[in-house]
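K.L.:
show me the folded form of this:
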Amino acid sequence: MQLADFFAAAFTTQRHVIGLETGPEGSLRSWTFGELDQRAASTAAALAARGLSPGDRLCVYLANSIEFIDVFVACTRLGVILVPINVLYREREIAHVVSDAEPAAVVTTPEMFAFFPPGTVLWDAAGLVTEGAALPAPERRTLDGDTPAALVYTSGTSGRSKGAVLTHNNFMANAANLVACWRITADDRYLAVLPLFHVHGLGNGLVSWLASGCRMRLVERFDSSQALQWFRTFRPTLVFGVPTVYVRLLELGVTEASEAGAGMRLFVCGSAPLPAATLDAFRERFGHTILERYGMSETLMIAGNPYGGERRAGSVGLPFPGLSLRVVDANGADVPDETIGEVWVRGPTVCRGYWRQPDATTAAFTDGWFRTGDLGERSADGYLTLRGRRSDLIISGGFNIYPREIEDLLLEQPGVREAAVVGVRDAHRGEVPVAYLVGDDHLDVQQLDATCQQQLASFKRPRGYVRVESLPRTALGKVQKHLLPPWTPAP
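P.N.:
Predicted coordinates for the structure are as follows:
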């Protein structure tokens with residue numbers, strides 16, 4: 001089976017049902033699944049006529065739009081490998097992806113052409129459907145499930161991004177898990193606020209939408225000032241978000257939050273840690289406990305809190321069906337429950353490796369297990385709690401310090417809106433922790449330090465506190481700690 005087969009049910013049995021609506025309030029447009037099927041067929045015809053063959057890479061540099069969907073579905077039918085590019089990227093970052101993926105072309109909009117290196121083949125997204133409508137439909141291309149479907153470039157939280165090779169089987173296994181475990185049906189109404197260039201919006205949202213045949217409202221980007229109107233006019237039952245989305249939704253008044261939550265069935269959060277205080281406040285205001293889950297570009301979804309069981313604050317829950325998980329020490333040996341180690345995962349959603357980087361691929365896998373680089377600990381009843389990145393581990397005077405523990409404490413304190421802790425070189429201890437803080441006028445650094453002295457071991461107390469306007473983040477909300485400004489201790 002390939003993705004085209006996986007989507008066939010929505011395009012046939014739901015053919016006359018509205019599957020998508022998009023556009024600004026007041027000028028919404030809607031399409032049936034049959035119309036979406038025809039648009040994808042026309043786009044596939046245009047791409048084939050322009051010479052694309054199975055295995056070719058096609059970059060797409062588009063904001064959330066029906067054209068992005070057209071190109072994605074067309075690529076799944078042609079065996080072309082989709083390469084989504086973050087729409088926030090500019091010349092240097094784009095040049096890296098284009099150089100690495102070597103696409104046959106890039107689908108974008110004319111106003112974005114100037115961002116691409118000279119010699120790049122650039123196609124205007126707007127003309128593909130019209131061009132293809134007059135062309136014969138390309139022959140069906142039977143693909144093995146292990147055929148690459150997309151190159152998804154990692155978010156680059158610690159350096160240059162790599163292209164994770166995700167197959168048709170990876171996407172299908174992931175969506176099958178989410179549709180089953182989160183009970184997504186054709187009766188759901190999915191409010192899509194996340195960017196389609198990322199696996200959260202693409203692999204979770206878009207693929208699950210087409211797998212289930214539900215109705216999707218696609219917005220270009222999350223805008224808290226529009227959120228209440230979306231809830232009122234679309235009446236969603238399903239939302240996938242990142243912590244920033246839920247923090248902003250908490251800006252709604254009590255009455256408005258209750259109204260928004262009344263028709264909802266499930267709020268899901270991932271891509272970055274959700275503070276426990278946000279989960280508690282959201283439950284009180286919206287009447288729903290956010291379901292936290294865990295995944296990566298390279299693995300799609302690994303674990304999630306159960307839909308019908310305990311949604312444990314701070315935990316990312318249990319492995320999804322078919323996914324095996326280990327927590328290991330530096331030698332690759334399993335550690336006891338309640339002990340921090342690196343998370344390794346194996347299963348049908350794990351990528352084939354990194355595009356044209358055999359050394360990186362070899363380093364990422366051990367005996368078939370993908371080494372996530374994430375630190376976590378597993379409870380006696382199997383719930384996984386993440387403790388940060390292995391690369392973020394601070395070793396100070398021989399003691400291991402996990403920044404997530406300090407960040408969680410800081411986020412509980414008055415006036416602290418965001419916090420990131422990093423290790424800074426120290427002549428005596430090797431490294432010491434330093435906290436970067438986004439706070440309001442009530443933030444009292446002296447009181448904060450006193451709290452840390454009281455509630456943390458002495459070696460964990462930050463040796464410096466740096467106020468910043470904002471933390472550098474990826475489009476999905478992950479903090480890019482390597483971009484934080486340098487800290488110099490007071491003389």
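
K.L.:
CA only for contacts and neighbour counts going forward, please
P.N.:
OK.

K.L.:
what about Cys452, how many residues nearby?
P.N.:
18 (other C-alpha atoms under 10 Å).

K.L.:
ok, it touching Arg461?
P.N.:
Yes: between Cys452 and Arg461 there is a contact at 5.7 Å, judged by C-alpha atoms under 8 Å.

K.L.:
pLDDT score assigned to Asp159?
P.N.:
Slight slip there: residue 159 is Gly, not Asp. With respect to pLDDT, Gly159 scores 57.

K.L.:
what of Gly26?
P.N.:
pLDDT, Gly26: 79.

K.L.:
before we move on, which element is it in?
P.N.:
Using DSSP states H and E, Gly26 falls within no helix or strand.

K.L.:
tell me how far it lies from Val479.
P.N.:
According to C-alpha to C-alpha, to the nearest Å, Gly26 and Val479 sit 36 Å apart.

K.L.:
of these two, which one has the most company?
P.N.:
A direct count of neighbours by other C-alpha under 10 Å for Gly26 and Val479 places Val479 higher, at 18 against 6.

K.L.:
quickly list what the more buried one is bridged to.
P.N.:
Arg473 (DSSP bridges).

K.L.:
please verify my assumption that it contacts Tyr436.
P.N.:
No: at 11.1 Å, Val479 and Tyr436 do not qualify as touching, with contact defined as C-alpha under 8 Å.

K.L.:
mutual contacts of those two, please.
P.N.:
Common contact partners of Val479 and Tyr436 (C-alpha atoms under 8 Å, 6 or more residues apart in numbering): Ala420, Leu471.

K.L.:
in this structure, which residue is most central in space?
P.N.:
Closest to where the C-alpha atoms of the chain average out (C-alpha atoms, centre = their mean) is His200, at 3.5 Å.

K.L.:
checking my notes, that one in a helix, right?
P.N.:
Yes: per DSSP: H, G, I helix; E, B strand; the rest coil, His200 lies within a helix segment.

K.L.:
how close does it sit to Ser470?
P.N.:
According to C-alpha to C-alpha, His200 stands 23 Å off from Ser470.

K.L.:
strands of the stretch 201-350 of the chain, residue ranges please.
P.N.:
Here the stretch 201-350 of the chain has its strands, by DSSP state E, counting those that start in this stretch, at 215-218, 238-241, 266-269, 291-296, 300-304, 318-319, 324-328, 341-346.

K.L.:
got a markdown table for these, with mean neighbour count and distance to His16 too?
P.N.:
Listed next are the strands of the stretch 201-350 of the chain as a markdown table, based on neighbours: other C-alpha atoms under 10 Å; distance: least, C-alpha to C-alpha, whole Å:
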| stretch | mean neighbour count | distance to His16 |
| --- | --- | --- |
| strand 215-218 | 23 | 12 |
| strand 238-241 | 20 | 22 |
| strand 266-269 | 20 | 26 |
| strand 291-296 | 23 | 32 |
| strand 300-304 | 25 | 31 |
| strand 318-319 | 21 | 37 |
| strand 324-328 | 20 | 40 |
| strand 341-346 | 24 | 40 |
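
K.L.:
got CSV for those strands, with distance to Gly430 too?
P.N.:
Shown next, in CSV, are the strands of the stretch 201-350 of the chain (distance: least, C-alpha to C-alpha, whole Å):
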stretch, distance to Gly430
strand 215-218, 49
strand 238-241, 38
strand 266-269, 36
strand 291-296, 31
strand 300-304, 34
strand 318-319, 36
strand 324-328, 24
strand 341-346, 21
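
K.L.:
got the ones you listed as JSON lines, with distance to Val17 and mean pLDDT columns?
P.N.:
As requested, the strands of the stretch 201-350 of the chain are exported to JSON lines (distance: least, C-alpha to C-alpha, whole Å; pLDDT from 0 to 100):
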{"stretch": "strand 215-218", "distance to Val17": "9", "mean pLDDT": "98"}
{"stretch": "strand 238-241", "distance to Val17": "18", "mean pLDDT": "97"}
{"stretch": "strand 266-269", "distance to Val17": "23", "mean pLDDT": "97"}
{"stretch": "strand 291-296", "distance to Val17": "29", "mean pLDDT": "96"}
{"stretch": "strand 300-304", "distance to Val17": "29", "mean pLDDT": "97"}
{"stretch": "strand 318-319", "distance to Val17": "34", "mean pLDDT": "98"}
{"stretch": "strand 324-328", "distance to Val17": "38", "mean pLDDT": "97"}
{"stretch": "strand 341-346", "distance to Val17": "38", "mean pLDDT": "97"}
